[in-house]
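> This is a predicted model, with the sequence first.
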Number of protein chains: 2
Amino acid sequence: MKKAIILFSGGLDSTTCLAYAKHAGFDCYALSFRYGQKHQVELTIAKKIAELFNIPHQIIELPTCQFEASSLTNTHLTVPDFDPSSQSIPSTYVPARNTVFLAHALGWAEMVGAKDIFIGVSSIDYSGYPDCRPEYIAAFEKVANLATKVGVEEGNIKIHAPLIHLSKAETIKLGLELGVNYALTVSCYRANKKGHACGKCDSCSYRKKGFLELGVNDPTPYYS
Amino acid sequence: MKKAIILFSGGLDSTTCLAYAKHAGFDCYALSFRYGQKHQVELTIAKKIAELFNIPHQIIELPTCQFEASSLTNTHLTVPDFDPSSQSIPSTYVPARNTVFLAHALGWAEMVGAKDIFIGVSSIDYSGYPDCRPEYIAAFEKVANLATKVGVEEGNIKIHAPLIHLSKAETIKLGLELGVNYALTVSCYRANKKGHACGKCDSCSYRKKGFLELGVNDPTPYYS
């Protein structure tokens, strides 16, 4: 079995991505990151889901100071409600987050002998974060192959983003086919300690819309 | 003054790079990383040199487990002497190190409002590490501009590698012209607690060769 590193937050997208990679036959290693996110409950959830998938799970402790410009991390800033009229990148944007995550994943991949890294980003039904777009993923894949011993000697390091062109409804459809229990997953930027969701942030709004568009029951526990 | 992030180890190359950036008029922020390197004395040295340059200096604490495959970090592996006949990447290679460093630097850059990142890599007189080559730096620069809010909105994030085509002798010549005191810098992979050098590892060997080729006194304190 080919090994793969899965960037895994315990949310709807990365859980679908993990299910996809496992179904595709990869021997999966899940990585989560503690970077000062307010919704740290996602790490507890991620650990539980990884256990259910019976795969190794590692939480990487990152320094938090560089991420403090974001409302997702800075306690002096408020995570805003979803604003469908906004055209700008929202305050929940975390500087260079996916690049930091993928860089660490790349080191882990080389350490465990994996050449496949999965990331659950989507450029449809998303907040406009630049590091979720196909051109970014392609550019990072090029970096990965140029940066590493295994990339130079063997090539073929792949950054897989299987959800990148899927709407949230299509992602949920895929996950349900793969047996994902979305009641367990937490996407909310303002999740409470129980992992219950606000229903109003960007992440909740896209998630809600996905279930609605697909016409299936939304199993998310909301606290408001 | 334009702000710049300088990846700074306190060694010969990164100190020259810092002097170069400062001379070019940048308002410099130095970043060092603790990643389990055996020669952690470099962090103390880096702090001292940053103080002499009168610039802010931050040590970023990274998780160490992903870097353990290297003889530079793993206490069960020995840092080898320089082997001029070897054609392969030596065991001191650290998986994805410069990608992790540059990813964190990119986040810092966006946080402090810098669009310029300096890294003191060279692809001449070097150990063949893949993440020191021009094509790697160019690929990461592309990532930086695609990954970030500032990259997408304004463009022109630059990864500067001013030493990349310089021999070690040329780097030393540049640094001496800029007033660098190389007696303070520590390049050795097996530096002792005083920052004295072994004189035999890859890093020492290229450094020694540089002073020799340039025909200037080598001020490095050696312990053997």
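Looks like it arrived, so ask away. Remember, predicted model here, so these are calculated numbers, not experimental data.
> Show me where chain A has its helices.
A:12-23, A:41-53, A:97-112, A:134-147, A:149-154, A:168-177, A:202-214 (DSSP state H).
> max-length strand in chain A?
Criterion DSSP state E: the longest strand present in chain A is strand A:27-34.
> wait, does it contact chain B?
No - using Cβ under 8 Å from any Cβ of the partner chain, strand A:27-34 stays clear of chain B, with a minimum separation of 9.3 Å. Using the backbone N, CA and C atoms, a C-beta is placed for each residue, glycine as well.
> ok, residues contacting that strand?
A:1-10, A:18, A:21-22, A:40, A:42-43, A:46-47, A:50, A:53, A:55-62, A:100-101, A:104-105, A:108, A:112, A:114, A:118 (Cβ atoms under 8 Å, 6 or more residues apart in numbering or on different chains).
> Which neighbours in the sheet does that strand have, and how are they oriented?
strand A:3-7 (parallel), strand A:57-61 (parallel) (DSSP bridges).
> Can you get me a residue count around the closest residue in space to residue A:64 that isn't next to it in sequence?
In this structure, residue A:64 finds its nearest non-sequential neighbour in residue A:36, 3.4 Å apart by Cβ to Cβ, 6 or more residues apart in numbering or on different chains. Residues within reach of residue A:36, counting by other Cβ atoms under 10 Å in any protein chain shown, total 19.
> Report how many residues lie close to residue A:67.
Neighbour tally, residue A:67, other Cβ under 10 Å: 23.
> where's it relative to residue B:108, distance?
10 Å (Cβ to Cβ, to the nearest Å).
> I'd like to know which of the contacts of strand A:27-34 are buried.
With neighbours counted by 16 or more other Cβ atoms under 10 Å in any protein chain shown, the contacts of strand A:27-34 contain buried members at A:4-10, A:18, A:21-22, A:42-43, A:46-47, A:50, A:53, A:55, A:57-60, A:62, A:100-101, A:104-105, A:108, A:114, A:118.
> Contacts only, for residue A:128.
Applying Cβ under 8 Å, 6+ apart, the residues contacting residue A:128 are A:88, A:89, A:90.
> Go again with 7 Å.
By Cβ atoms under 7 Å, 6 or more residues apart in numbering or on different chains, the residues touching residue A:128 are residue A:89.
> which residues touch stretch A:175-188?
Contacts of stretch A:175-188 with the rest of the structure, by Cβ under 7 Å, 6+ apart, involve A:10-12, A:15-16, A:19-20, A:23, A:39, A:41-42, A:45, A:48-49, A:172, A:195, A:197-198, A:201, A:203-204, A:207, A:219.
> now the residues you listed: which count as buried?
Applying 16+ other Cβ under 10 Å to those flags A:10-12, A:15-16, A:19-20, A:39, A:41-42, A:45, A:49, A:172, A:195, A:197-198, A:201, A:203-204, A:207 as buried.
> Quick one: name the residues of chain A near chain B.
Within reach of chain B by Cβ under 7 Å from any Cβ of the partner chain, chain A has these residues: A:60-61, A:63, A:66-67, A:69, A:89, A:93, A:95-96, A:98-100, A:103-104, A:106-108, A:110-111, A:130-131, A:135-136, A:139-140, A:142-143, A:146-149, A:151-152.
> Among these, the buried ones, what's the ChimeraX command?
Selection of buried members from the residues of chain A next to chain B for ChimeraX, criterion 16+ other Cβ under 10 Å:
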select /A:60,63,66,67,69,93,95,96,98,99,100,103,104,106,107,108,110,111,130,131,136,139,140,142,143,146,147,148,149,151,152
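> one step back: with respect to residue A:79, which of the helices of chain A lies nearest?
Closest to residue A:79 of the helices of chain A is helix A:202-214 (Cβ to Cβ; 8.5 Å).
> Cool, thanks, talk later.
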